[in-house]
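> How does the following fold in three dimensions:
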Amino acid sequence: MTLTRSFVVARNDLARTDTLEHTLPPLGDGELLLKVDCFAFTANNVTYAETGDSIGYWQFFPAPEGWGQIPVWGFADVVESRCEGLAPGERIYGFWPMATHLVLRPQRVTDASFVDATPHRQALPAAYNLYLRTAGDPGYRREDEDLQALLRPMFITSFLIDDFLADEGFFGATRVVLSSASAKTAIGLAFLLHRRGGAEVVGLTSAGNRGFVAGLGCYQRVLGYDQLAELPADRATVYVDFAGSATLRQQVHEHLGDQLAYSCAVGLSHRDTARAKSPVPGVKPIFFFAPDRLRKRAQDWGRGGIEPRVAEQWHRFVPMARGWLTVRHGAGAAAVQAAYAQALAGQVPPDVGLVLSMA
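Numbers count the residues shown, from 1 in each chain. Okay, the predicted model is just below:
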C-alpha cells in the first residue's frame, strides 16, 4: 500500500489549491507503480488548466468533484512492476500529475517506449499517453534532464509548427510574426525557423522583455506590442499567436490586412480570454493542436520516425537554451504551491524555469 500526495486546483477558480492524500490499492496484473521524481511547471501547464474542460486535460488524472490535477512533464522511477519487460529502477519520461506517485498500465512496450492503456485515458489524445524509457530515448541525456522537463514538450510543439508551416510552403509568406516571443514554445519555433531560413522571423513581446528576446539571436526583428505600427505591412505574413490575447490578435489582423496569409492560434500566455469587440478581420485564426499534427506525421513517417527527427533538432537547441535559461528547483507541497501561484500570476521571468517535486 502506497500513500500518495497530489496537488489539486479548483476547476472554477484556478487560484484555489489544496494538497490531497490517499492510499493506492495493490497493483493488479499488468500495472506499473512509479514515483514521480521531478516535473517542470511553465506557462504551458497554465494553458492546460485554462483549457482543461474544452480540450480535456482534466480527464488524464481524475480528481475529486470540482477539483483538477494539472498534467506536467517530467521524470519518474519504477518502484514496483507487474508488467513484463519493465523492472524497478527504470527511469521514465512523460506526462504526470502533480503528485508523488502514479499507476500506469503499459502496452505496446518496446525498448524505447510504452503506451499507457489505463481505460479512462483511451479516448484522449494518444500523444500524451506515450512514455519514453530513457535508456532507449535518442533525445535523452542525464545532464539535460531539467532542460528536457522544461523545454522538450514545448519544443516538440515548436518542431511540429515549423514542420507544418514548411509543409504548407508558409502559405506563400516570407515573414513569420510570433506573439509572446519570450515564451518557451515561441523561442523553440524561432530557433527552428531561423535555422531553416527563407522567412524573416519577427518577435512581438512586452517592453520589459525586448532586450531578452533580442539577445536570443533567433529573431531578425523584435518589437514591443506598442510598436506594432512600425512593422511594415509590405509582404505576405504568417501570424503565430502564442499570447492568446483577443485584443492583440485583432490589432495584428487589422495592421497586416490583406498581407496576412495565415493566422495560427497556439497558446494563452496572456490569459486574456475576452472576446474581441468586433469580428477579427481577415483570415480566420486556426487553432494548432499538436497531437493532431503528431498523429499525421506518425502516419507519414511511421511509429519510429518522429523521435529521431525531433531528437536531432533538440540536441541542436539545447546548447542555445543553456545560454539563457536558469533553473530553479523546489520540493514539497508548499514549494509547489508557491511556484504555481507565481506561474499563474505570470510572474516567472522568461529566462527562469521551474523544476519541482511533490516529494
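> Strands of the stretch 51-200 of the chain, start to end?
Per DSSP state E, counting those that start in this stretch, the stretch 51-200 of the chain carries strands over the ranges 67-68, 72-81, 91-96, 101-104, 106-107, 113-116, 130-133, 175-178, 200-205.
> Quick one: mean pLDDT for the second one?
Model confidence over strand 72-81, given as mean pLDDT, is 98.
> Mind listing what's buried along it?
With burial defined by 16 or more other CB atoms under 10 Å, the residues of strand 72-81 counted as buried are 72, 73, 74, 75, 76, 78, 80, 81. The C-beta positions use only the backbone N, C-alpha and C, and glycine is treated the same way.
> which residues does the fourth one contact?
In other words, residue 75. The contact partners of residue 75, taken as CB atoms under 8 Å, 6 or more residues apart in numbering, are 36, 37, 38, 39, 91, 92, 93, 134, 145, 149.
> Give the residue spans of this structure that score low on pLDDT.
Within the chain, the ranges that satisfy pLDDT under 70 run 267-280.
> Direction included, what does the lengthiest strand in it pair against?
Using DSSP state E to define each element, the chain has its longest strand at strand 13-24. Applying DSSP bridges to the sheet, strand 13-24 is found paired with strand 2-10 (antiparallel).
> Just name the closest of the buried residues of strand 72-81 to residue 11, please.
Closest approach to residue 11 among the buried residues of strand 72-81 (CB to CB): residue 72, at 16.7 Å.
> Count the neighbours of residue 196 for me.
As a burial measure, residue 196 scores 14 neighbours (other CB atoms under 10 Å).
> if I look at it, how far off is residue 158?
12 Å (CB to CB, to the nearest Å).
> Leaving aside the residues adjacent along the chain, what's closest to residue 291?
Spatial nearest neighbour of residue 291, excluding adjacent residues (CB to CB, 6 or more residues apart in numbering): residue 125 at 3.7 Å.
> picking up where we left off before, for residue 114, state which of the contacts of residue 75 is nearest.
When these are ranked by distance to residue 114 (CB to CB), residue 92 comes first, at 8.4 Å.
> beta partners of the closest one?
residue 76, residue 133.
> list the contacts for it?
34, 75, 76, 77, 78, 131, 132, 133, 134.
> Report the beta-bridge partner residues of residue 2.
residue 24.
> same deal with the one 5 residues further on?
Counting by DSSP bridges, residue 7 forms beta bridges with residue 19.
> I'd like to know how far it sits from residue 150.
For residue 7, the distance to residue 150 - CB to CB - is 18 Å.
> These two: who's more crowded?
residue 150 (26 against 23).
> pretty sure the more buried one contacts residue 322?
No. Using CB atoms under 8 Å, residue 150 is not in contact with residue 322; the gap is 11.5 Å.
> where do the contact lists of these two overlap?
Between them, residue 150 and residue 322 share no contacting residue, judged by CB under 8 Å, 6+ apart.
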